[in-house]
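K.L.:
Here is my input, please return the structure:
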Amino acid sequence: MGILLLCNFFLVDGAKAEAAIGKEVLALAAQQDVVVVIEKSVNKLTIFYQGKPFKNFLCALGVNPQGDKQRQGDNRTPEGQFFITDKERLNDHPYLGRKWLGLSYPDPVHAQKGVENNLISVSQYDEIISADAQKAVPPQNTLLGGWIGIHGGRDDLTKERINWTEGCIALQDTDLEVLYNLVQYGTPVVIVP
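P.N.:
Model (predicted):
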């Protein structure tokens, strides 16, 4: 009976996940051991393990949560497919909490838009493309902005779903500890509206 209930949970949860995040994201999740999916509209981070939803957490976003990140200082959380570039332990940083997971923003999609809107040069575009191909940290000091990641800090605001970051994704520190232990360099992170 317990197995039946568990299977039904995943079927229902899987159907809801497909409706919310799309078939492409679920296909990616099925191809990787671990994929992190952030749904901005509901302030939810889901860890997919071997193609199935494993754990959900509340998250907070940039103070300007509507729409994709366009440029430095817009306080928006970017949308798209990224990967983990950094894993750092912090000593209870007042803003970032205890852990930092850097993301590969800006990515090639944002770089293309940046060139089209004259925010970055062709050489900066090339640097971003090269970093993406090498699974490395892209340039962080362009007009597209940078230093986007998943971090802790301000558990009180995150718990209340108050978007308080400058574009990052914030988790409660205890939730971030779980995520930190499950991801590695290169783990895909998909952020959807």
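
K.L.:
Contacts for the longest strand along the chain, please.
P.N.:
Ranked by number of residues, the top strand in the chain under DSSP state E is strand 80-93. Residues external to strand 80-93 that are found in contact with it (CB atoms under 8 Å, 6 or more residues apart in numbering): 28, 68, 96-105, 107, 109-110, 135-138, 149, 153, 180, 183-191. C-betas here are computed from N, CA, C, even on glycine.

K.L.:
Filter these down to the buried ones and hand me the ChimeraX line.
P.N.:
To isolate the buried ones among the contacts of strand 80-93 in ChimeraX, judged by 16 or more other CB atoms under 10 Å, type:
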select :28,68,96,97,98,99,100,101,102,103,104,105,107,109,110,138,149,153,180,183,187,188,189,190,191
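
K.L.:
Please narrow the contacts of strand 80-93 to those residing in strands.
P.N.:
The members of those that map onto strands under DSSP E are 97, 98, 99, 100, 101, 102, 103, 149, 188, 189, 190, 191.

K.L.:
could you dump the residues you listed to TSV with distance to residue 119?
P.N.:
As requested, those are exported to TSV (distance: CB to CB, whole Å):
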residue	distance to residue 119
97	30
98	33
99	30
100	25
101	25
102	21
103	19
149	21
188	25
189	23
190	24
191	20
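
K.L.:
Can you pick out the most distant pair from those?
P.N.:
Farthest apart among the ones in strands among the contacts of strand 80-93 by CB to CB are 98 and 190. That separation is 24.3 Å.

K.L.:
related to what we said a few turns ago, any buried residues in the longest strand of the chain, and which?
P.N.:
Of the residues in strand 80-93, 80, 81, 82, 83, 84, 85, 87 count as buried by neighbour count, 16+ other CB under 10 Å.

K.L.:
hmm, back to that, can I get the ones in strands among the contacts of strand 80-93 in JSON lines including pLDDT and distance to residue 120?
P.N.:
Putting the ones in strands among the contacts of strand 80-93 into JSON lines (pLDDT from 0 to 100; distance: CB to CB, whole Å) gives the following:
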{"residue": "97", "pLDDT": "86", "distance to residue 120": "30"}
{"residue": "98", "pLDDT": "90", "distance to residue 120": "33"}
{"residue": "99", "pLDDT": "94", "distance to residue 120": "30"}
{"residue": "100", "pLDDT": "96", "distance to residue 120": "24"}
{"residue": "101", "pLDDT": "98", "distance to residue 120": "24"}
{"residue": "102", "pLDDT": "97", "distance to residue 120": "19"}
{"residue": "103", "pLDDT": "98", "distance to residue 120": "18"}
{"residue": "149", "pLDDT": "97", "distance to residue 120": "20"}
{"residue": "188", "pLDDT": "97", "distance to residue 120": "24"}
{"residue": "189", "pLDDT": "97", "distance to residue 120": "22"}
{"residue": "190", "pLDDT": "96", "distance to residue 120": "23"}
{"residue": "191", "pLDDT": "97", "distance to residue 120": "20"}
